[in-house]
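Here's my sequence, what's the structure:
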Amino acid sequence: MPRGLPKSVKKCLEKSVDSALLAVETYNKPAVKFKSGGYIVLMVISWTSLFHAIFFKQKKKPFYKTNNRFDKKDGDYCYWELSTCLKEYFKTDTNNPIRKNLEFFIPLRNMIEHKSIPEIDSDIFAECQSLLLNYDKIMEKEFGKEYCLRECLSFALQLYPSSKSLNNAVVANPTTKPIVDFIKSYRSAITADVLDSGEYSFKAFLIQVANHQSKNTLPIQFVAYDKLDENQKTNVNRVAALVKNKFIQVAVTNKDLLKPGIVVEKVQSALGSPKIHKNGKEKDKFNMDTHTRCWKKYEVRPINNAQQPEITKAEHCVYDQPNETYLYTEDWVDFLVEELSKDGIYESLYE
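Presented below is the predicted three-dimensional model:
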């Protein structure tokens, strides 16, 4: 650990590095099925602690405030969560690829924290790899090369990885659908330059080659695409074209997710389009106000302006971060129709 830094910075750095190393160790263990889940949870902890170290170094206190007083819980300060750290660190740079990569994992972490879904591992590998490479990049920028992880890690031994797609994951495990929907929605909502950036997702072709001419040459090396000359790029692109899938599925933004107004229409129709009279006027029995009361009653999403808007019941509701709004699933519609068909449920919403 670094010398000459304040104790608060050192403690955060120690926690950050330990969490990152544990994350990589978890991901690279062959027997572990909770690969992505364990890795993401630990890397979110690692990144959060790294930002806390940066802020402490900058003489900032990364604690939440209420009425100009630092919030406390159980006698300790309430530290900023990762989403708050990103706003403070990147400020108005909202389209930064490193930020977008981290914003991908915040809601994903909350979705998979209590689930084991190995089916998505291969598809989100590129984002997971960038999450680690970006960590070393920010660590070097803020604290120097001597604190980076790259000297501690080696290339993990690999078998041929699964080539299953996200759609295959849903077929294998239907409970993954809300998570798969979120992944597709997030990717399709970000700009093409961010999506293609190595800082958002690191993609590489690992191709078996004949033995190197020199016995001292490293068997595996990372070579940045943007550092190749034009002839080398042409060769890489030619090889890449050979191994691309013949059919490319274009992600559709928010496919299969519903706006609140559509939910209201579907539920009202499924209930038989009942009417009520209020203030001398006839109106739909299930309306937008009823829907709001429902998501509050069943706690499927946070209230407006919550500190963690992405914490939802993923089987019913997904937070659309780029648009700062909530979208709902067909399961939510079915659930509401079933619940509101029961005696007393509708009346309980207005008690």
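
so where's the stretch 51-200 of the chain uncertain?
Within the stretch 51-200 of the chain, the segments meeting pLDDT under 70 span 114-116, 151-173.

All the strands of it, residue numbers only.
Counting by DSSP state E, counting those that start in this stretch, the stretch 51-200 of the chain has strands at residues 65-66, 69-70, 72-73, 76-77.

Out of these, flag the one nearest S49.
Closest to S49 of the strands of the stretch 51-200 of the chain is strand 76-77 (Cβ to Cβ; 14.2 Å). Backbone N, C-alpha and C define where each C-beta goes, glycine included.

outside of that closest one, which residues touch it?
61, 63, 70-71 (Cβ atoms under 8 Å, 6 or more residues apart in numbering).

out of the residues you listed, who's nearest V300?
Closest to V300, out of all of the contacts of strand 76-77 and judged by Cβ to Cβ, is D71, at 26.3 Å.

who's in contact with the residue nearest to the spatial centre of the chain?
Nearest to the geometric centre of the chain sits F105, at 2.1 Å (Cα atoms, centre = their mean). F105 sits next to 40, 43-44, 127, 131 when contact means Cβ under 8 Å, 6+ apart.

State the distance from it to L13.
21 Å (Cβ to Cβ, to the nearest Å).

ok, back up a step: can you tell me which of the contacts of strand 76-77 has the most neighbours?
For the contacts of strand 76-77, the largest neighbour count, defined by other Cβ atoms under 10 Å, is 16 neighbours, found at F63.

picking up where we left off before, where's the residue nearest to the centre of the chain relative to Y186, distance?
Remark: distance between F105 and Y186 (Cβ to Cβ) = 10 Å.

what's the answer for C12, then?
Counting by Cβ to Cβ, the gap from C12 to Y186 is 28 Å.

quick one: low-confidence parts of the stretch 251-351 of the chain?
The stretch 251-351 of the chain contains residues with pLDDT under 70 at 251-255.

Please, where are all the strands along it?
Remark: strands assigned in the stretch 251-351 of the chain by DSSP E, counting those that start in this stretch are 275-278, 281-284, 317-320, 325-328.

May I see the buried residues of the last one?
Just to be clear, that refers to strand 325-328. Within strand 325-328, the residues scored as buried using 16 or more other Cβ atoms under 10 Å are 326-328.

go on, the second one?
Of the residues in strand 281-284, D284 count as buried by neighbour count, 16+ other Cβ under 10 Å.

hmm, who's touching it?
The contact list for strand 281-284, computed with Cβ under 8 Å, 6+ apart, reads 264, 268, 273-277.

mind redoing it with 7 Å?
Contact partners of strand 281-284, identified using Cβ atoms under 7 Å, 6 or more residues apart in numbering, comprise 268, 275-276.

ok, of those, which come out buried?
When neighbours are counted using 16+ other Cβ under 10 Å, the contacts of strand 281-284 contain these buried positions: Q268.

From the contacts of strand 281-284, pick the one nearest I98.
Nearest to I98, judged by Cβ to Cβ, of those is Q268 at 44.1 Å.

so that closest one sits right up against H291, yeah?
No - between Q268 and H291 there is no contact under Cβ atoms under 7 Å: 9.6 Å.

Quick check: end-to-end length of stretch 320-332?
Across stretch 320-332, the terminal residues are separated by 16 Å (Cα to Cα, to the nearest Å).

just how off-centre is it within its chain?
On the basis of Cα atoms, centre = their mean, to the nearest Å, stretch 320-332 sits 15 Å off its chain's mean C-alpha point.

How about stretch 34-47?
Per Cα atoms, centre = their mean, the centroid offset for stretch 34-47 relative to its chain is 11 Å.

can you list the residues that contact that stretch?
Contacts of stretch 34-47 (Cβ under 7 Å, 6+ apart): 16, 19-20, 22-23, 26-27, 32, 82, 102, 105, 108-109, 112-113, 116-118, 120-121, 124, 128, 131, 135.

run the last query once more with 8 Å
Contacts with stretch 34-47, where a contact means Cβ under 8 Å, 6+ apart, come from 15-17, 19-20, 22-24, 26-27, 29, 32, 82, 85, 102, 105-106, 108-109, 112-113, 115-118, 120-121, 124, 128, 131-132, 135.
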